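just coords:
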């Protein structure tokens, strides 16, 4: 198709939904090879350096073949709201040795693109249907989103800087366009508009309307860039489970209309910021849960639908990690009991990857407990309690997503799975097995 005809078809699709920058072409590209359900996984900037998990790991344990989308986390914003790389070494400078490279060839000194971005490029070459997004923000990286979204001028400058850095691939210190073609879209992980997330975030009451305006600016500029590149660029966002944060920060129906799809927080319902042990990601509220208001995957999904979210755009988050407490009263198998605080963890207190939690059972001191009706599992040794999802629970969540006709599952984060891909196999079975 000629550029003129392609552009006309793109614009016709845009105008058909009443937007100057159509969502419908992006949705057409969101069919992920004919599959009716998407599987989105976050691969983090620090997975390799801190956890020893290179992108190649996703090939070797079978994850990459089962993903439809991969979000690379995170790009950051400076105080003026412009997009920046927080770690150029990890992103595009570190030379990856042959035994850790997706294509089995070592990076060479002086090549235009190295680091994680080059590995993602190789991953796309190996799995050409995989769509890869740059994810902006995160819990510790959302400080300046409010500044970026504040005015028409700041929104335009922010989006322009992000397109230039991540889509045009103009990386500081690298040849022009070195990373072009790595990313197929942008994922916004602003935690949270109009509601303080991490301490120190800039928060304004007008963030709610400004977030919608920011999405419109993204759609405008992504559409124009897509015309130039003869490509559809997607736009997604991570949205909260907390209903107060959802109501204070989002014009929900309009936000969903502007997004290709949304990923919805399906975890961290409870954690060691509370002293009482509890589920962090159950599908339904367990019997005896003492908290008010209660949280569960079912409650969160229904809350988004009630506020105007179409089911096919809800991509429910699932965790590849657990939350843990210690000094726990030895009653009720540790569930809903008082603790003295967070259990020790490899990377942070009260947090542990599944691939590590799995090894606790082999030691013989922990027992595994499960609530099949609520849909959650936990480990308890009489003192320390870990709530987590194993392959059985992830298969259950996959079935829930399929049965509720939701858009798919989102994984935080891919480095938590085992070398055998036990979690992705369980989730995939639930999403696809009839």
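Cool, the structure landed. Note that this is a predicted model, so its numbers are computed, not measured.

Apart from its chain neighbours, what residue comes closest to residue 215?
Nearest residue to residue 215 in three dimensions, chain neighbours excluded: residue 258, at 4.2 Å (CB to CB, 6 or more residues apart in numbering). All C-beta atoms are positioned from the backbone trio N, CA, C, and that covers glycine.

and the one you found, what pLDDT?
If you check residue 258, the pLDDT there is 98.

Assess the claim that it and residue 217 are in contact.
No: Residue 258 is beyond contact range of residue 217, at 10.2 Å (criterion: CB atoms under 8 Å).

Stretch 62-82: which residues count as buried?
The neighbour-count check on stretch 62-82 (16 or more other CB atoms under 10 Å) flags 62-64, 66-77, 81-82 as buried.

Out of these, list just those in helices.
Judged by DSSP state H, helices contain none of the buried residues of stretch 62-82.

for the stretch 51-200 of the chain, what spans make up the helices?
56-60, 88, 115-126, 145-149, 152-162 (DSSP state H, counting those that start in this stretch).

again, but for the stretch 251-400 of the chain
Assigned by DSSP H, counting those that start in this stretch, the helices in the stretch 251-400 of the chain fall at 252-258, 297-306, 354-362, 391-403.

just so I know, which of those helices lies nearest residue 425?
Taking CB to CB, helix 391-403 is the member of the helices of the stretch 251-400 of the chain nearest to residue 425, at 6.5 Å.

Pull up the pairing partners for the longest strand along the chain, direction included.
Assignment by DSSP state E gives strand 69-77 as the longest strand of the chain. When sheet partners are counted by DSSP bridges, strand 69-77 sits next to strand 38-44 (parallel), strand 83-84 (antiparallel), strand 131-137 (parallel).

quick revisit: what touches both of residue 258 and residue 217?
Both residue 258 and residue 217 lack any common contact, where contact means CB atoms under 8 Å, 6 or more residues apart in numbering.

relative to helix 115-126, how tilted is the longest strand of the chain?
Relative orientation of strand 69-77 and helix 115-126, computed by axes from the mean of the first three to the mean of the last three CA atoms, to 10 degrees: 160 degrees.

returning to what we had before: residue 308: which of the strands paired with strand 69-77 is closest?
Set against residue 308 and scored by CB to CB, the strands paired with strand 69-77 come closest in strand 38-44, at 20.2 Å.

Not counting its own residues, what contacts that closest one?
Contacting residues not belonging to strand 38-44 are listed as 30, 32, 55, 58, 63, 66-74, 116, 120, 135, 261, 263, 315, 407-415, 427-428, 431 [CB under 8 Å, 6+ apart].

same deal with stretch 328-346?
Here stretch 328-346 makes contact (CB under 8 Å, 6+ apart) with 272, 275-279, 286, 288-290, 324-327, 349-353, 356, 367, 369, 378, 380, 382-386.

run the last query once more with 7 Å
Stretch 328-346 is contacted by residues 272, 275-278, 288-290, 324-327, 349-352, 356, 369, 378, 380, 382-386 when judged by CB atoms under 7 Å, 6 or more residues apart in numbering.

how far does that stretch stretch from start to finish?
Distance between the two ends of stretch 328-346: 20 Å, counting by CA to CA, to the nearest Å.

would you turn the strands paired with strand 69-77 into JSON lines with mean neighbour count, distance to residue 244 and mean pLDDT?
Converted to JSON lines, these look like this (neighbours: other CB atoms under 10 Å; distance: least, CB to CB, whole Å; pLDDT from 0 to 100):
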{"stretch": "strand 38-44", "mean neighbour count": "25", "distance to residue 244": "25", "mean pLDDT": "98"}
{"stretch": "strand 83-84", "mean neighbour count": "18", "distance to residue 244": "29", "mean pLDDT": "98"}
{"stretch": "strand 131-137", "mean neighbour count": "24", "distance to residue 244": "20", "mean pLDDT": "99"}
